[in-house]
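Undergrad: coordinates only, sequence not included:
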């Protein structure tokens, strides 16, 4: 799977640490580190209706997971539950957003 996110955000570091701790292979694409990964993410954000709610709420819509079969997902906590994965508490602090309530 690919994860679009930011290593600067505690929520995203938690997502990354949880996958690592559970031996799940993934590629982390940091949209805040360079234009190539940001452009890849923006193609999804600009074209996928699943981002409409995030845009209307002034959020970016990350972390955003894309599985090998093309399935796209924002509810990574729900995916953990469905797959019996216990989240790792990897970082403290507020979510990386203007209001501290999610990205």
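TA: Everything's here; your move. Note that the structure is predicted; figures quoted are calculated from it, not measured.
Undergrad: pLDDT score assigned to the residue nearest to the spatial centre of the chain?
TA: In the chain, the residue lying closest to the centroid (CA atoms, centre = their mean) is residue 63, at 1.2 Å. With respect to pLDDT, residue 63 has a value of 86.
Undergrad: so is residue 28 in a helix, a strand, or just coil?
TA: strand (DSSP: H, G, I helix; E, B strand; the rest coil).
Undergrad: Give me the neighbour count for the closest residue to it other than its chain neighbours.
TA: Distance criterion CB to CB, 6 or more residues apart in numbering; nearest residue to residue 28, sequence neighbours excluded, is residue 3 at 5.1 Å. For glycine as for every other residue, the C-beta is placed from the backbone atoms N, C-alpha and C. When neighbours are defined as other CB atoms under 10 Å, residue 3 has 20 of them.
Undergrad: To which secondary structure element type does residue 3 belong?
TA: Secondary structure, three-state DSSP: residue 3 is strand.
Undergrad: Distance from stretch 68-87 to the middle of the chain?
TA: Centroid separation for stretch 68-87 versus its chain: 11 Å, with CA atoms, centre = their mean, to the nearest Å.
Undergrad: scratch that, stretch 55-71
TA: Worked out by CA atoms, centre = their mean, stretch 55-71 lies 6 Å from the chain centre.
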